[in-house]
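Asker: Provided below are the primary sequence and the corresponding predicted coordinates.
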Amino acid sequence: MELSFAVFDHIHLLPEEWQLFAQDKKALSTENIGVQDYANIENLRSYYLLVKERQEIVFIIYFQLLSVKPIHFNLGEKKQQQFWLDLALNIVKPTLLVAGNLFRHDESFFKFSDVRLRKEQEADIYQQAVNFMVKHTNASGIFLKDVPSEIAGHISKDPSYHALQDDISMEIVIPAHWHSLCDYEKDLKHKYLQRSKKMRKSFADIQARELNKAELQHYSQDIYRLYQQVTRKQIVSMGMLNEHFFIELKKALKDHYRVCGFFLDGKLIAFSSAIRHEGIYDMNYIGIDYQFNQSHHLYFNILFHCLESAILAKASKLILGRTAIEAKAIMGCTPDYRFSFYKLRNVIVNWFYQRVSKYFSESQGDKWKDRHPFKSMVYENT
């Protein structure tokens, strides 16, 4: 196919034809997709690519270009490795081109024409679009995030790309007979039931409530502070949000985006956020004051609160994401295997990626695979 490409680097520059083409794809609508631009996230640049064949749009796709910095990595006690990693990043100043959205996994951030295309044609258009943007940005690395299976098969034939290992999202399919958290607990094995009750009891003096847009504005700095406490404990945080992101996402998604605050004696000590779409309750970001984490089991209680919210919203599935896999497995999540690929175009970038990846795998471990908290009948019916 003979394709032409038009690239735009800010939401305000998008032509009207983008909006017309994206009108049935909310994630790509101009009021939705510009959240990162409006929030002005540091070290991140948005690109919007419009692909045509014979002057007709056949494909649109959203990209992000991340300037990779030392703040995006935390190797904990491995001080020497952290030093060399920071040094390499400051010398090379690598950039990562992301096909998709680092901060969302509830939607795909591309759309093909309604004109019938063969799967092979769609895969070819997708890869041509990526190749164009690689040249346009001269990125050090490329990350293809949450690729559909049909396109993933096409990408896997390209030896320059590597599949991201153990790329899983932890999820709970909510049975029809769960109408409250009590129903969830009835399906737990005794050991996990006792653990759940003990943790929930420690949460008794915490007040939870949904924050409206005005309250989000009021607590924006506190929310950001709590978010930072969580990201500082993560090995990799590819892209760092700012205090404006949560407000901008609320403006874009309105009632489909929910932020809950958790208060102790009137003080905000934690928050969780979630996106609701098509019967799915998708946890987005959380923040925790670790001063209270152990005494009130904040992290696990946030997970329980998300599950309860999903049940009450009559969602069919709760998605809890890619981090803290063992904790989510203890709660009852099972893995949904995703397709993501990467290509690294710089020797030094490849060197530090291999080391960070190894450290991440070691930290994650395999213990989560042995966690089966439900009674056998629950597994038999799912």
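Answerer: Now that the structure is in, tell me what you want to look at. Values in this document were obtained by computation on a predicted structure and should not be read as measured data.

Asker: Could you use CA atoms for every contact and neighbour count after this?
Answerer: Will do.

Asker: can you give me the strands in the stretch 151-300 of the chain?
Answerer: 162-163, 168-173, 207-210, 257-264, 267-277, 280-288 (DSSP state E, counting those that start in this stretch).

Asker: so how far is the first one off the chain centroid?
Answerer: Using C-alpha atoms, centre = their mean, to the nearest Å, we find the averaged C-alpha position of strand 162-163 to lie 19 Å away from the chain's own average C-alpha position.

Asker: tell me what it is packed against?
Answerer: Contacts of strand 162-163 with other secondary structure elements, assessed using 3 or more C-alpha pairs under 8 Å, 6 or more residues apart in numbering; DSSP states H and E, are made with strand 341-344.

Asker: The fifth one now?
Answerer: Contact here means 3+ C-alpha pairs under 8 Å, 6+ apart; on that basis strand 267-277 packs against helix 220-231, strand 257-264, strand 280-288, helix 298-312.

Asker: do that again at 7 Å, thanks
Answerer: Helices and strands touching strand 267-277, by 3 or more C-alpha pairs under 7 Å, 6 or more residues apart in numbering; DSSP states H and E, are strand 257-264, strand 280-288.

Asker: re earlier: hey, which of the strands of the stretch 151-300 of the chain is tucked in deepest?
Answerer: Among these, judged by mean count of other C-alpha atoms under 10 Å, the one packed with the most neighbours on average is strand 280-288 (a mean of 24).

Asker: Listing partners with orientation, what would you give for that strand?
Answerer: Each strand paired with strand 280-288, and its direction, by DSSP bridges: strand 267-277 (antiparallel), strand 317-321 (parallel).

Asker: Distance to Ser340 and mean pLDDT added to the ones you listed, as CSV?
Answerer: Written out in CSV, the entries for the strands paired with strand 280-288 read as follows (distance: least, C-alpha to C-alpha, whole Å; pLDDT from 0 to 100):
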stretch, distance to Ser340, mean pLDDT
strand 267-277, 22, 95
strand 317-321, 14, 93
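
Asker: To Val68, which of those strands lies closest?
Answerer: Closest of these to Val68 is strand 317-321, at 22.1 Å (criterion: C-alpha to C-alpha).

Asker: Look at Lys367 and say how many residues are nearby.
Answerer: 10 (other C-alpha atoms under 10 Å).

Asker: Distance of it relative to Val236?
Answerer: 20 Å (C-alpha to C-alpha, to the nearest Å).

Asker: so what secondary structure elements neighbour the helix or strand hosting Leu20?
Answerer: Secondary structure here is read from DSSP states H and E; on that basis Leu20 sits in helix 16-21. Helices and strands touching helix 16-21, as assessed by 3+ C-alpha pairs under 7 Å, 6+ apart, are absent.
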